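A.B. asks: Just the structure for this:
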Amino acid sequence: MIFADDPEASARWWGQVLDSPVKSDVSPTGAVYAWVQAGGVELGFHPADDERNPRGGSPVVYWGVDDLDQARGHLLAAGCEHHRGPLVIEPGRRIAQLRDPFGTVIGLEGP
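C.D. replies: Numbers count the residues shown, from 1 in each chain. Take a look at the predicted model:
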């Protein structure tokens, strides 16, 4: 679950990047909840609420990729910004972190 100021816009962006359809639901209060599914993972977007879900309180989700440089390049070209890395964690294993256009930090792990 990712807390976002505009869950629907965040889900649309990730849906385009992951080539996955966006599903959404609107609560009786008008709050929009959206999600995409890719590679057996559901990535959900929930309205941010600084009182109940403080920003920065979410863990960084790492996506396992076959080619870290290619995946990182794809996300940078799609609008992500560099955040950290790539770093060598152990021989043959690297990580990198990027920030999506909505401020969410995601991680990549792979060779």
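A.B. asks: now for stretch 86-103, what's the gap between its first and last residues?
C.D. replies: 19 Å (C-alpha to C-alpha, to the nearest Å).
A.B. asks: Buried residues, it. List them.
C.D. replies: For stretch 86-103, a neighbour-count test (16 or more other C-beta atoms under 10 Å) marks 86, 94, 95, 96, 97, 98, 99, 100, 102 as buried. Any C-beta I mention is one placed from the backbone N, CA and C, and that applies to glycine too.
A.B. asks: could those residues go into a markdown table alongside pLDDT and secondary structure?
C.D. replies: A markdown table is the format used below for those (pLDDT from 0 to 100; DSSP: H, G, I helix; E, B strand; the rest coil):
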| residue | pLDDT | secondary structure |
| --- | --- | --- |
| 86 | 95 | strand |
| 94 | 95 | strand |
| 95 | 92 | strand |
| 96 | 96 | strand |
| 97 | 93 | strand |
| 98 | 94 | strand |
| 99 | 92 | strand |
| 100 | 93 | coil |
| 102 | 89 | coil |
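A.B. asks: Please identify which pair of those residues lies farthest apart.
C.D. replies: Greatest spatial distance among the buried residues of stretch 86-103 (C-beta to C-beta): 94 and 102, at 24.9 Å.
A.B. asks: Which residues does stretch 75-89 contact?
C.D. replies: Contact with stretch 75-89 is made by 13, 16-17, 68-69, 72, 94-101, 105-106, 108-109, as judged by C-beta atoms under 8 Å, 6 or more residues apart in numbering.
A.B. asks: Lovely, talk soon.
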